[in-house]
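**Q** sharing a model that was predicted from the sequence below.
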Amino acid sequence: MPLFKKRTVGKPGEWFYCLEHQKVEEGPECPAKDRFGPYTSRAEAEHAMATARERNLQWENDPKWHDAPEGGPEGGPEGGPGGGRGD
C-alpha cells in the first residue's frame, strides 16, 4: 500500500487553469506544475492569466520590493563583502 495516494480527482467546485493546454478544467486533470488554482468558480479560473499579469505589474511597481540601487552600500565596488581596500 503506498504511503501517499495521488489525488487525481478534485473536490467539487474546484477549478484550475491549465498552462499547458491553456484551458479551464474542473478538478486537477493536469500536473500541479502546469496549472494555476484552485479557484472557487469557472469564471475566476478563466481570468487566471489576467489576474497573474495584474499581480506581476503590482509586484514590479512596488517600491518596497526593489533591490538596492547599483553602486549603493552592497552593490558598489567598495561596499559589501569582498569590496574595499582591505586596510
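**A** Received it, and whenever you're ready, just let me know what you need. Numbering: from 1, shown residues only.
**Q** what about the longest helix in the chain?
**A** Using DSSP state H, we find that the single longest helix of the chain is helix 48-60.
**Q** may I have that one as CSV, with CA atoms only?
**A** Extracted in CSV, the C-alpha atoms of helix 48-60 (Å, rounded to 0.1, in the frame of the first residue of the first chain):
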residue,chain,number,x,y,z
ALA,A,48,-6.3,33.4,-14.2
MET,A,49,-3.8,34.8,-16.8
ALA,A,50,-5.2,38.3,-16.5
THR,A,51,-5.0,38.0,-12.7
ALA,A,52,-1.4,36.9,-12.9
ARG,A,53,-0.5,39.8,-15.2
GLU,A,54,-2.1,42.3,-12.8
ARG,A,55,-0.3,40.8,-9.8
ASN,A,56,3.0,40.8,-11.7
LEU,A,57,2.6,44.5,-12.5
GLN,A,58,1.8,45.4,-8.9
TRP,A,59,4.9,43.5,-7.8
GLU,A,60,7.1,45.1,-10.4
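**Q** tell me which residues in that helix are buried?
**A** Of the residues in helix 48-60, residue 48 count as buried by neighbour count, 16 or more other Cβ atoms under 10 Å. The way it works is simple: take the backbone N, C-alpha and C, and place the C-beta from them, glycine included.
**Q** what lies in contact with that helix?
**A** The contact list for helix 48-60, computed with Cβ atoms under 8 Å, 6 or more residues apart in numbering, reads 17, 36-37, 39, 44, 65.
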